[in-house]
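Peer 1: This is a predicted model, with the sequence first.
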Amino acid sequence: MERNTSQGKHVGVQQINFLIPVQEDSERPCTSPRFPRNMSVAAHTTPLLSRVVGYSVAIANNAGRIIRDIMKRGELGIVEKESARDLQTEADRAAQRSIITSLQKCFPKSTIIGEEGEDEVKDLSGQVFDPSSDSSSSISSIACPPQLTTVAEEELVIWVDPLDGTAEYTQAHECRISGHLGVCKTLGLSCESLLDHVTVLIGIASGGKAVGGVIHQPYYNYQNPGAELGRTIWGIVGGSVGGMPIVAPPEGKVIVTTTRSHSSSTVNDAVAAVSPTEVLRVGGAGHKVMLLLEGKAHVYVFASPGCKKWDTCAPQAILEAAGGILTDIKGDPIPYHATVAHRNSTGVLASAAGQDHQAFLAKIPQHVKDNLKA
Ligand SMILES: Nc1ncnc2c1ncn2[C@@H]1O[C@H](COP(=O)(O)O)[C@@H](O)[C@H]1OP(=O)(O)O
Ligand SMILES: [Mg+2]
Ligand SMILES: [Mg+2]
Ligand SMILES: [Mg+2]
């Protein structure tokens, strides 16, 4: 379960121990004398949290390239985890390998918890990505509020979901190999529109709270052939948000977003209870929170224990940085300490900035709340 380096540790979902040697500072890509090359010369004077978020942007962008390459090659290497609705692909494994080894080199004293099992990420050779090679981020623009500027590296818990929306990723692949061009006959959607549900999530917690996050959407812009694919949204609670414009959802409507691949009667009862004018059933926790950020939905309702801490940490931090709220379905905060249970057993309720979170909570039926035990 837990992998200890001499300083930091990495916790995975499977009970396998192995060691990653911690490199001397001079060998770490993010602390080498030439770093930061393209990001910002202010990196060493900017707060640690801004640096973690900035480097996570670059590391998530690289994971997105890995995810696209594996889909292009077409060998997904699908493995069932806890059930047929809980899959892992080579893209989940390879993206996690790259993200965790890269973060570990940069921030060896922080605890890093990834979704995928450690036996799947044993081969770490050649996986470290140097975030200074990505010129898309400027760390100096990532504002950190005064109360978070003194957070130490060892206090951080970094929650990594290397590929959120695995169900949609595998379904898009099936759709492609069945030769369905345009709209897939089985799904009634285009393969590419399903790939848009896929995100890479890196969430940063301190003191048990989500304080920073990165959501990378590797297939964004798929509608524009020839355009560069992908976008990355980042945020620090009480600081700044970047990577996309934050838009308020339309007045006079209640657009609810919820799961398309992990539904149940409880999930549907909760959705119906908030009296939606429209329901968007889409994949991924990251993608659903992006819909709240870009004004396409008012509230994300998921009354099910399926989501884990790595699904919600990054989206929660960015949503809260943008003025929204994310709690469990009872209105309680979701804790992100290193030792907390991974499962969000009491569901998720998230509302866009300017929405009345308490009013949504009040509409969730008691039997739905009682059904979800901590
Ligand atoms: N029953 C479940 N089993 C495994 N993962 C789940 C389950 N329900 C939700 N998740 C995770 O939460 C994310 C959001 O759920 P949904 O898309 O159903 O709304 C999923 O993409 C999946 O993350 P992942 O794809 O990283 O495994
Ligand atoms: Mg998964
Ligand atoms: Mg996930
Ligand atoms: Mg995942």
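Peer 2: Structure received. Ligands and ions are numbered 1, 2, ... in the order given.

Peer 1: where along the stretch 201-350 of the chain do the strands fall?
Peer 2: Defined through DSSP state E, counting those that start in this stretch, the strands belonging to the stretch 201-350 of the chain, from first to last, are 209-217, 231-236, 241-242, 255-258, 278-281, 299-302, 325-327, 348-351.

Peer 1: Switch the ones you listed over to a markdown table; also include mean neighbour count and mean pLDDT.
Peer 2: Just so you know, the C-beta spots here come from the backbone N, C-alpha and C atoms, and that holds for glycine as well. Written out in a markdown table, the entries for the strands of the stretch 201-350 of the chain read as follows (neighbours: other CB atoms under 10 Å; pLDDT from 0 to 100):
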| stretch | mean neighbour count | mean pLDDT |
| --- | --- | --- |
| strand 209-217 | 29 | 98 |
| strand 231-236 | 26 | 97 |
| strand 241-242 | 22 | 96 |
| strand 255-258 | 23 | 98 |
| strand 278-281 | 15 | 97 |
| strand 299-302 | 28 | 98 |
| strand 325-327 | 22 | 98 |
| strand 348-351 | 26 | 98 |
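
Peer 1: In JSON lines: those strands, plus distance to residue 83.
Peer 2: JSON lines is the format used below for the strands of the stretch 201-350 of the chain (distance: least, CB to CB, whole Å):
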{"stretch": "strand 209-217", "distance to residue 83": "26"}
{"stretch": "strand 231-236", "distance to residue 83": "30"}
{"stretch": "strand 241-242", "distance to residue 83": "35"}
{"stretch": "strand 255-258", "distance to residue 83": "19"}
{"stretch": "strand 278-281", "distance to residue 83": "20"}
{"stretch": "strand 299-302", "distance to residue 83": "17"}
{"stretch": "strand 325-327", "distance to residue 83": "25"}
{"stretch": "strand 348-351", "distance to residue 83": "19"}
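
Peer 1: What pLDDT does the model give residue 185?
Peer 2: Note on residue 185: pLDDT of 69.

Peer 1: typo on my end, it should be residue 374
Peer 2: Spelled out, the predicted local distance difference test score at residue 374 is 84.

Peer 1: which residues does it contact?
Peer 2: 345-346 (CB atoms under 8 Å, 6 or more residues apart in numbering).

Peer 1: again with residue 280
Peer 2: Contacts for residue 280 were tallied using CB under 8 Å, 6+ apart; they are 255-258, 291, 296-297.

Peer 1: ok, which pair from these is furthest apart?
Peer 2: 258 and 296 (13.3 Å; CB to CB).

Peer 1: Show me which residues of the stretch 51-200 of the chain sit near ligand 3.
Peer 2: 161, 164 (CB under 5 Å from the ion).

Peer 1: Below-threshold pLDDT in the stretch 51-200 of the chain: ranges please.
Peer 2: Residue ranges of the stretch 51-200 of the chain with pLDDT under 70: 118-127, 135-137, 179-182, 185.

Peer 1: my guess is residue 111 meets residue 158, correct?
Peer 2: Yes: distance between residue 111 and residue 158: 7.0 Å, which falls inside the contact criterion (CB atoms under 8 Å).

Peer 1: Look at these two and report which has more neighbours.
Peer 2: Ranked by neighbour count (other CB atoms under 10 Å), residue 111 and residue 158 place residue 158 first, with 29 against 21.

Peer 1: Now do the helix or strand where the more buried one lies: which elements does it pack against?
Peer 2: Using DSSP states H and E, residue 158 maps to strand 156-164. Strand 156-164 makes packing contacts with helix 48-73, helix 90-106, strand 111-114, strand 199-206, helix 285-293, helix 309-321 when contacts are defined by 3 or more CB pairs under 8 Å, 6 or more residues apart in numbering; DSSP states H and E.

Peer 1: of those, which approaches residue 143 most closely?
Peer 2: helix 48-73 (7.3 Å).

Peer 1: List the buried residues for that closest one?
Peer 2: Across helix 48-73, burial judged by 16 or more other CB atoms under 10 Å covers 48-68, 70-71.

Peer 1: Repeat that for stretch 165-183.
Peer 2: By 16+ other CB under 10 Å, the buried positions in stretch 165-183 come out as 165-176, 180.

Peer 1: And for stretch 237-245?
Peer 2: Judged by neighbour count (16+ other CB under 10 Å), stretch 237-245 contains these buried residues: 237, 239-244.

Peer 1: Start and end of that stretch, how far apart?
Peer 2: 16 Å (CA to CA, to the nearest Å).

Peer 1: Fine by me, thanks again.
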